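Q: My questions are about this predicted structure, shown below with the sequence.
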Amino acid sequence: MAYLSFISDAELKAEVKHLIDTARNAQVQAQNKFGKNIIDPFSAMFEISGFGMNHDEWVVTETTRQSQKTLQNHIGAFHQKVLGKVINWQDMDTGSVIDLVNEHEKIIAEVKNKYNTISGGQLSKLYYTLEDQVMPKVSKYKGYTAYYAAIIPRKAIRSNQPFMPSDKDKGAKCAENSLIREIDGASFYELVTGDAGALEDLYDILPTVIEDVIGGNYQLQDKVLLKEYFSKAFG
C-alpha cells in the first residue's frame, strides 16, 4: 500500500532521505567548525550559568542550535519538493522568482516553512514580487492567482485571504488584490492535492517513511508527543 495518494513512495523516500542526510551533515559540520567562528563569550557565560549547564553540555546545545538552523532552512524546500510532485504542479527549484506553478489552474506560489521565515519588513517586497508576476500584461503569469504559503501558521486556524502586509515606506498596507493571497500550510496542501487532510496524512506517515529510510532497527521515539505538536500548530 502506498504511503500517500499524491506522491509516489520513491519520490517521498528520496525527499525524506535528503532531509535526514542534511540534518546529519549539518551536525557534523557544526562540530567540525565549532570554535572556528567567533563565539559570543558573554552569551556562553550566561547560558552556562543561567541554564545550569557545564561547558560540555553547552557545547552540545550550541552545536545542536547551529545544526537546527541549517535543517530548518531546508524544511521549506522539502514541502516545495513534495508539492511539486503532485499532478499538474511544477517545482521551479530554489533560486527562482516563484516556487511552484500550476499552469492548468493558473496558480503560482511562494512557499515558506513558517510564518516568521520572512521578517515583517520583507513581506511587502514579497507582495510586490507576486504582483509583478500576475498583473503586467507582458507577464507569463498574467491573471494567475499568486499565493504566499506559510506552512506553519501564526495561529492554529485555516485561512485563505488577501495578502496585505504593511508597507513601511508608504505607511500603509499593500492594496487588496484578489489575485494575491496568503494561505496556511494545511489549506495549501488541500488546494494542491484536493484533500483536506493531506498535510496531516503526510505528518502521520513520516515516522514510517523515516524508519524505512534509516533502516535497521531504528524506531522514531515519542510519536504521540510529536503528534501533539502538530495538533497545536494546526488545530
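A: Okay, I see it. Remember, it's a predicted structure, so these values are computed and weren't measured experimentally.

Q: make it CA atoms for all contacts and neighbour counts henceforth
A: Noted.

Q: Now do the helices in the protein.
A: All helices of the chain, identified by DSSP state H, fall at 9-33, 41-50, 55-83, 120-134, 185-193, 198-214, 223-234.

Q: now the shortest one against helix 198-214, angle please.
A: Meaning helix 185-193. 90 degrees (axes from the mean of the first three to the mean of the last three C-alpha atoms, to 10 degrees).

Q: what's the answer for the first one, then?
A: Between the axes of helix 9-33 and helix 198-214, defined by the same axes, to 10 degrees, the angle is 70 degrees.

Q: Next one: Gln72 relative to Phe42, how far apart?
A: 26 Å (C-alpha to C-alpha, to the nearest Å).

Q: More neighbours: which of the two?
A: Gln72 (17 against 8; other C-alpha atoms under 10 Å).

Q: so what's the spatially closest residue to the more buried one that is not a sequence neighbour up against?
A: Take Gln72 and drop its neighbours on the chain: the residue closest to it by C-alpha to C-alpha, 6 or more residues apart in numbering is Asn113, 7.9 Å away. By C-alpha atoms under 8 Å, 6 or more residues apart in numbering, Asn113 lies in contact with 72, 75-77, 79, 150-152.

Q: what's the domain layout of this protein?
A: The chain breaks down by automatic domain parsing into domains covering 11-75, 90-193.

Q: highest average neighbour count across those?
A: By mean neighbour count, with neighbours taken as mean count of other C-alpha atoms under 10 Å, domain 90-193 ranks first of these at a mean of 17.

Q: Straight-line length of it, end to end?
A: Length of domain 90-193, first residue to last, C-alpha to C-alpha: 13 Å.

Q: now swap in stretch 214-223 and tell me
A: Start-to-end, stretch 214-223 (C-alpha to C-alpha) is 16 Å.

Q: I'd like the average pLDDT over that stretch.
A: Computed over stretch 214-223, the mean pLDDT rounds to 95.

Q: if I look at the closest residue to Tyr144 other than its chain neighbours, how far off is Arg181?
A: Excluding its sequence neighbours, the residue lying closest to Tyr144 (C-alpha to C-alpha, 6+ apart) is Lys106, at 4.7 Å. Going from Lys106 to Arg181 by C-alpha to C-alpha gives 14 Å.

Q: Give me the common contacts of these two.
A: Thr145.

Q: quick one: low-confidence ranges for this protein?
A: Nowhere does the chain drop to pLDDT under 70.

Q: which residue is nearest the middle of it?
A: The chain has Asn113 as the residue nearest its centroid, 2.0 Å off, counting by C-alpha atoms, centre = their mean.

Q: picking up where we left off before, could the contacts of Asn113 be laid out in JSON lines, adding distance to Asp21?
A: Converted to JSON lines, the contacts of Asn113 look like this (distance: C-alpha to C-alpha, whole Å):
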{"residue": "Gln72", "distance to Asp21": "13"}
{"residue": "Ile75", "distance to Asp21": "12"}
{"residue": "Gly76", "distance to Asp21": "16"}
{"residue": "Ala77", "distance to Asp21": "14"}
{"residue": "His79", "distance to Asp21": "16"}
{"residue": "Ala150", "distance to Asp21": "24"}
{"residue": "Ile151", "distance to Asp21": "22"}
{"residue": "Ile152", "distance to Asp21": "23"}
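
Q: and of these, the nearest to Lys232?
A: Checking the contacts of Asn113 against Lys232 by C-alpha to C-alpha gives Ile152 as the nearest, at 10.6 Å.
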